[in-house]
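[1] the following comprises the amino acid sequence and a computationally predicted model.
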Amino acid sequence: MRAEVDRIAEPWGDRTPYGPGTPWPVRVDSYLEPGVTAADVDAWVPTASVLHSNGDALDVAVADGRIVGVRGSARDRVNHGRLGPKDLFGWQANRSEDRLTTPLVRRDGRLVPCDWDTALARIVDRSKALLETYGPGSIGFYTSGQLFLEEYYTLAVIARAGIGTNHVDGNTRLCTATAAEALKETFGCDGQPASYTDVDHADVLALFGHNMAETQPVLWMRVLDRLAGGDPPRLVCVDPRPTQAARHATVHLAPRAGTNVALLNALLHEIIRTDRIDRAFIDAHTVGFDELSERVAGCTPRWAAGICDVPAAAVTEAAEVLGDARRLLSTVLQGVYQSHQATAAAVQVNNLQLIRGMLGRPGCGVLQMNGQPSAQNTRECGADGDLPGFRNWENDAHVADLARVWNVEPSRIPSHTPPTPAMQIFRYAEQGSIRMLWISGTNPAVSLPELERVRGILRRDGLFTVVQDLYLTETARFADVVLPAATWAEKTGTLTNADRTVHLCERAVEPPGDARSDLDIWLEYASWMDFRDQDGRPLVGWHDPESAFEAWKECSRGRPCDYTGLTYERLRTTGGIQWPCTDEAPEGTERLHTDGVGWAAPDDCETYGRDLVTGASVSETEYRALNPHGKAVLKAAEHLPPHEPTNDEYPLQLTTGRTLYHFHTRTKTGRSPQLQAAAPEVWVEISAAGARRHQVAEGDLVEVTSPRGSVRGRLRVTAIRDGLVFLPFHYGYWDTPGGDGPGEDGGRAANETTVTDWDPVSKQPLFKTAAARLTLVERAHGAVSPAPTTTASAPVDPGAAPPTTGGPAAMARHSAGARGGER
Amino acid sequence: MSAVPAVLRALYEGERAMERKLLETAARDAAEHEVHHVAVDLARWSHEHAERLAEAAEPYGLRLSRSAEEPPGPEDRGERAARALADTRSGLDLLNDLRELHLAATGNSLDWEMLAQAAQADKDSSLLDLATACHPQTLRQMRWTNTMIKTLSPQLLSKAGAASREA
């Protein structure tokens, strides 16, 4: 192992090979800013990463009251010391010169600095006036996937029992809603079945629309170390781009966009046809096999080949690898979740695991992944479209139980409709019935689809917007009130990653200026609004992160996401622990469903389910008839053609996505020098054949136009599926002259082009199924495409662009650590 | 002479009307994005039902015209967003569209029920297979409209939505 590696050029670092069933070796990654040595560090403050969903545990190095670097946590179960490029370099955004340090209010059309009392008074006055005139349905909250559990829970209590609105959701709707919904549809309740440790045991890994190498680079290091060790697993990869996983796959399928259900149905068809199913498991633990079997009966590989445009033989081969697996781990992410028929497809992956009996044992399970660091917490705390603690809004006993925890009348918690999902919240704002929208820690003016529409909503005269963020984001520029927030390392709280691992993130430094934590902002608002419980006591009875955590524990007691065995002190001394963690399971719980399915019984389940095509609710009566004994439900779905087919005017399929070096709308990673330099500008990817047809070449400036808008970027020619054009969605306008929208140089945000359409089941918007055309703006004349060469955007011609490197500024240390992190 | 042809004809016309109403709703309520997209998907079911009914009617000497075309898709070329902010339809207009769709689907569902019962009495397995294949989709159309009405009504009919145009 080398002592130092350029982690921009080599994002995954050196290999530490290991074999099946043995512990993943420790490798401690660290980075200190130039001129600082370990001897200069005053304190190492434990925390976990907030720039992806993996939950990498790390220590923040503090010197003279400033953050000066980071070091991976050797003892932690998630990363065994490793850090990804965003972990190593992303913290520098905390001290960016353009942090917000004071509240702003709009006066005479301009945002001007003010003090906290002025800003809060404006919000509170508006809240009270709206409640009086229009009722709680006129107020909505749109939060993030990057805050802490304590903050989401506080927001959920304020919104649902204080204001009494049903309009609370997170941008997790954009990244993780389908994961939650797919788990609910199959297992009756949210809760990640598998564990990252299943990578240590699997003999087949199937990645469905999951560019793991870029979205969870540390988890991918674990896979790479298995691939480099003895008896490596085989990989099946479904992805239209040439991702690292695709390059390492035994079988790589690159289907036409919008055809995931057809492909998965064909895989199920083959596995059933060749009798590679676990009949005893199906009988003991599932309902619905006959219907599933009937639904996929006609879905032959040849049939799927016609719809998906993949070779029938490759479908057959993939089914053989999946069908012969002894320990099968499947993972799913945005290629499924942000596509047409999102939930229907994600559920078929659950079905694959179930009919093969691959659940609840080492190496056997499914990871319905998350995109964001605390997406899981929005789901469990009720800051997205769910009630806290995975309670079922249609089950009166669950609502009454929540009312008991909050000491309010059950009627105070709106439960006559499902909690409103984000896209419908924006629709109500567009239509005029939501008149106040409080946006915290997210940037819809770049991240939502169809940005011209979104800007129109945010500009709407009748809509009062509060934006709570670190910087003057594109969205903040439209706000009536802007609140400066403290961020990660400036506040304390917990977050839970995609495999249910809870980490405590401690405050390491002071926030800049007058910035306050999101928790403190909401506690202050609750106090000003004087929300009371039914005994006249404050509704929000806590005052700091730890007391908020203790309140949440009571809300989680006896629920699937039970936190009652956790304390700040335990998390401090142990590192990450997986929920449920109780007196009965004090060490936490590695896998769910180890002994049948836990929370699917009609009285326990989080939902009675939805129709996978229409999204219509399944009634309680129907659910009781379907699944009286609370087994896993094998839900079948038919393939539907995508809503926006290609045509002569828009002949290309359009998809958007990510790169390893950036997170979301680049608010932080764009302010981290090494990450920004690695992927400095938007680009456009098409195939070599596509480039020939369009008579364009690497480095040319091209424009991608959909029926809704256009984006300009330099072309990268890759081994992407022919007929598909890819745009990274990270780039907005805060660092352009325009500031909040397209300027003279045309669009830069991929979401100028995307369509307003969402999966009717999970309500997750579609970012990966639209149509577009590509035109030449000007020839390269020596200009180089800014796309990274180290990732899925690597050029087909290796000489086409200089390799992506970070140079001396990106050298991070590697060291072998003592064994740890086996938990 | 049985009355089956009369039911076949009524149901055929009902499914054609359902397809048309769904597509009209998709166009009229284009700003209500979920309604728009799902309505187009569900119009395809009614289109297929009508085609299969026309085929099933042939042995009875009943000529029901087959559509030469694929079911029409949405005419969505980006104008929806522009229309949405300028949309002057009230929440009640949208709910009434959904209500009408629900009633149309209910009529069709009862016709499928009658057809299935007649097929069982006559031991007409091909007609029974048809009803068994199609009727569940009609029921799903009903559940969808019911779910949308339940979900949207509180916002669109309460005082939050009451004067939404004045803002």
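    On my side now, so go ahead.

[2] show me what contacts the residue lying closest to residue A:390 once chain neighbours are set aside?
    Spatial nearest neighbour of residue A:390, excluding adjacent residues (C-beta to C-beta, 6 or more residues apart in numbering or on different chains): residue A:606 at 4.5 Å. Backbone N, C-alpha and C define where each C-beta goes, glycine included. Residue A:606 makes contact with A:184, A:188-190, A:386, A:390-392, A:599, according to C-beta atoms under 8 Å, 6 or more residues apart in numbering or on different chains.

[3] buried residues, the strand or helix carrying residue B:99. List them.
    Residue B:99 belongs to helix B:91-122 when elements are defined using DSSP states H and E. Along helix B:91-122, these residues count as buried under the neighbour rule (16 or more other C-beta atoms under 10 Å in any protein chain shown): B:91, B:94-95, B:97-98, B:101-102, B:104-109, B:111-112, B:114-116, B:118-119.

[4] and the helix or strand following it, how far from the chain's centre?
    Per DSSP H and E, the first helix or strand lying C-terminal to helix B:91-122 is helix B:125-157. Averaging C-alpha coordinates over helix B:125-157 and over its chain gives two centres that are 8 Å apart (C-alpha atoms, centre = their mean, to the nearest Å).

[5] closest residue of the stretch 51-200 of chain A to chain B?
    Nearest residue of the stretch 51-200 of chain A to chain B (C-beta to the nearest C-beta) works out as residue A:137 at 3.1 Å.

[6] return the list of helices and strands in contact with the helix or strand that contains residue A:180.
    Using DSSP H and E, residue A:180 falls within helix A:177-187. Using 3 or more C-beta pairs under 8 Å, 6 or more residues apart in numbering or on different chains; DSSP states H and E as the contact criterion, the secondary-structure elements in contact with helix A:177-187 are helix A:334-337, helix A:342-355, strand A:365-368, strand A:632-633.

[7] any chance of these in CSV, plus mean pLDDT, mean neighbour count and distance to chain B?
    Compiled in CSV, the helices and strands packed on helix A:177-187 are given as follows (pLDDT from 0 to 100; neighbours: other C-beta atoms under 10 Å in any protein chain shown; distance: least, C-beta to the nearest C-beta, whole Å):
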stretch, mean pLDDT, mean neighbour count, distance to chain B
helix A:334-337, 98, 28, 17
helix A:342-355, 98, 28, 12
strand A:365-368, 98, 29, 23
strand A:632-633, 98, 26, 17
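
[8] reformat these as JSON lines; add distance to residue A:575.
    Below are these laid out as JSON lines (distance: least, C-beta to C-beta, whole Å):
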{"stretch": "helix A:334-337", "distance to residue A:575": "28"}
{"stretch": "helix A:342-355", "distance to residue A:575": "29"}
{"stretch": "strand A:365-368", "distance to residue A:575": "20"}
{"stretch": "strand A:632-633", "distance to residue A:575": "32"}
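
[9] circling back to that earlier point, and the angle for the helix holding residue B:99 with helix B:125-157?
    Taking axes from the mean of the first three to the mean of the last three C-alpha atoms, to 10 degrees, one finds that helix B:91-122 is oriented at 160 degrees with respect to helix B:125-157.

[10] tell me how many other residues surround residue 132.
    This is for chain A. Neighbours of residue A:132 under the rule other C-beta atoms under 10 Å in any protein chain shown: 8.

[11] you looked at the wrong chain, it should be chain B
    Other residues within reach of residue B:132 by the criterion other C-beta under 10 Å amount to 13.

[12] shouldn't it be in contact with residue B:116?
    Yes - counting by C-beta atoms under 8 Å, residue B:132 sits close enough to residue B:116 to count as a contact (7.1 Å).

[13] least confident of the contacts of residue A:606?
    Note: of those, the lowest pLDDT belongs to residue A:386, at 87.

[14] so what's it closest to, chain neighbours aside?
    In this structure, residue A:386 finds its nearest non-sequential neighbour in residue A:379, 5.8 Å apart by C-beta to C-beta, 6+ apart.

[15] ok, residue B:54 next?
    Excluding the flanking residues, the one nearest residue B:54 by C-beta to C-beta, 6+ apart is residue B:64, at 4.0 Å.

[16] same question for residue A:118.
    If the residues on either side of it in the chain are set aside, residue A:118 comes closest to residue A:105, at 6.3 Å by C-beta to C-beta, 6+ apart.

[17] so which bits of stretch B:39-59 are buried?
    Of the residues in stretch B:39-59, those buried by neighbour count under the rule 16+ other C-beta under 10 Å are B:39-54, B:56-57.

[18] so the residue nearest to residue B:54 is in which element?
    Under the criterion DSSP H and E, no helix or strand holds residue B:64.

[19] also residue A:520?
    helix A:518-529.

[20] list the buried residues of that helix.
    Neighbour-count burial for helix A:518-529, with 16+ other C-beta under 10 Å as criterion, is recorded at A:518-526, A:528-529.

[21] ok, now stretch A:645-654?
    Residues of stretch A:645-654 classed as buried: A:646, A:650-654 (neighbour count, 16+ other C-beta under 10 Å).

[22] which one is residue A:611 nearest to, not counting chain neighbours?
    The spatial neighbour of residue A:611 that comes closest, neighbours along the chain excluded (C-beta to C-beta, 6+ apart), is residue B:140 at 5.7 Å.

[23] okay, and the residue nearest to residue A:118 sits in which element?
    Taking DSSP H and E as the definition, residue A:105 sits inside strand A:104-107.

[24] how far off centre is the helix holding residue B:99?
    Averaged over its C-alpha atoms, helix B:91-122 has a centre that lies 8 Å from its chain's centre (C-alpha atoms, centre = their mean).

[25] give the other helices and strands that it contacts.
    Secondary-structure packing of helix B:91-122 (3+ C-beta pairs under 8 Å, 6+ apart): helix B:4-28, helix B:33-57, helix B:125-157.

[26] can you list those in CSV and add distance to residue A:722 and mean pLDDT?
    Listed next are those as CSV, based on distance: least, C-beta to C-beta, whole Å; pLDDT from 0 to 100:
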stretch, distance to residue A:722, mean pLDDT
helix B:4-28, 32, 96
helix B:33-57, 27, 96
helix B:125-157, 35, 97
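
[27] hey, which of those is tucked in deepest?
    With neighbours defined by mean count of other C-beta atoms under 10 Å in any protein chain shown, none of the helices and strands packed on helix B:91-122 is more surrounded on average than helix B:33-57, at a mean of 22.

[28] and chain A, what are its domains?
    Taking automatic domain parsing as the reference, chain A has its domains at A:4-83, A:104-173+A:386-556, A:177-369+A:597-633, A:652-792.

[29] so how far is chain A from the most centrally placed residue in chain B?
    Among the residues of chain B, the smallest C-alpha distance to the mean C-alpha position (C-alpha atoms, centre = their mean) belongs to residue B:18, namely 3.7 Å. To chain A, residue B:18 is 14 Å away according to C-beta to the nearest C-beta, to the nearest Å.
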